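# just need the structure, nothing else, for what follows:
(2 chains)
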Amino acid sequence: AQSVTQLDSQVPVFEEAPVELRCNYSSSVSVYLFWYVQYPNQGLQLLLKYLSGSTLVKGINGFEAEFNKSQTSFHLRKPSVHISDTAEYFCAVSTGGGNKLTFGTGTQLKVEL
Amino acid sequence: GAVVSQHPSWVICKSGTSVKIECRSLDFQATTMFWYRQFPKQSLMLMATSNEGSKATYEQGVEKDKFLINHASLTLSTLTVTSAHPEDSSFYICSARGWDRRDEKLFFGSGTQLSVL
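Below is the predicted model:
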């Protein structure tokens, strides 16, 4: 079985500042990794995913994440955040190509002026 | 892009009644849909996987007789919470597997907040 840990439940940051949202996972087999974003009153949207290949993955809205196998991490980063990035971010892991996902508890990113 | 519509967005019901939640894929056919539940400050927990035309596969610990799932067509899956009790109060989210620009993805509904009095 796999699990996902998002240690930060809330991350406040000022607009145009960089941000990193942390995600660690545990699994006894190879995994696929995902970041989803949920804006208020909307469904989850895929930000980016790592299936194989380059460990640095670029997603939508200027976000990127780096898969670090030795540290079992998949932290999400953005060099300069915008007010519109305020949302809940979920890290997820799958061992089956993205169908059955195990989610973390989510990180609320709050961007302030 | 592909859209999944989930209805209702919130519902309040009395203890002992049944509640039905619908999940529709609006512009694609979803052979597989997933139902999740999320308690406050906790992660989304997969409840069951439903494939069109066949019985749903439930995760361990999820009561199949309490959470009835029907996936009668390629665009509609329903979750019925039977004889709801206050402990069933939660946020329920569906997702559907489909194709978007040659890439297979999971598309999520916006969720249903169920409050059982």
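# let me know the secondary structure of the residue nearest the centre of chain A.
Centroid-nearest residue in chain A: residue A:35, 3.5 Å away (criterion: CA atoms, centre = their mean). Reduced to three states with DSSP: H, G, I helix; E, B strand; the rest coil, the structure at residue A:35 is strand.
# neighbours around the spatially closest residue to it that is not a sequence neighbour, how many?
Using CB to CB, 6 or more residues apart in numbering or on different chains and skipping the chain neighbours, the partner closest in space to residue A:35 is residue A:47 (4.3 Å). From N, CA and C alone the C-beta is placed, and that goes for glycine too. By the criterion of other CB atoms under 10 Å in any protein chain shown, residue A:47 has 22 neighbours.
# list the neighbouring strands of the helix or strand encompassing residue A:47 plus their orientation.
For residue A:47, the host element (DSSP states H and E) is strand A:44-50. Neighbouring strands of strand A:44-50 in its sheet, by DSSP bridges, are strand A:32-38 (antiparallel).
# re the thing from before, bridge partners for the residue nearest to the centre of chain A, pull those for me.
Here residue A:35, judged by DSSP bridges, has bridge partners residue A:48, residue A:91.
# hang on, the earlier thing: can you show me the CA trace of the strand holding residue A:47 as PDB?
Coordinates of each C-alpha in strand A:44-50 appear next as PDB, following Å, rounded to 0.1, in the frame of the first residue of the first chain:
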ATOM      1  CA  LEU A  44      -9.900  19.000  -8.900                       C
ATOM      2  CA  GLN A  45      -7.800  19.900 -11.900                       C
ATOM      3  CA  LEU A  46      -4.500  18.200 -12.800                       C
ATOM      4  CA  LEU A  47      -1.500  20.500 -12.500                       C
ATOM      5  CA  LEU A  48       1.200  18.100 -13.500                       C
ATOM      6  CA  LYS A  49       2.200  14.400 -13.300                       C
ATOM      7  CA  TYR A  50       5.300  12.300 -13.200                       C
END
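# the following helix or strand past that strand - what's its average pLDDT?
Note on strand A:44-50: by DSSP H and E, the next helix or strand toward the C-terminus is strand A:56-58. Taken as a whole, strand A:56-58 has an average pLDDT of 95.
# got the contact list for strand A:56-58?
With CB atoms under 8 Å, 6 or more residues apart in numbering or on different chains as the test, strand A:56-58 has contacts from A:48-50, A:64-67.
# who in chain A is up against chain B?
Contact residues (CB under 8 Å from any CB of the partner chain) of chain A with chain B: A:4, A:9, A:36, A:41-46, A:90, A:98-106.
# show the buried residues in the residues you listed.
Using 16 or more other CB atoms under 10 Å in any protein chain shown as the burial test, the residues of chain A next to chain B include A:4, A:36, A:43-46, A:90, A:98, A:100-106 as buried.
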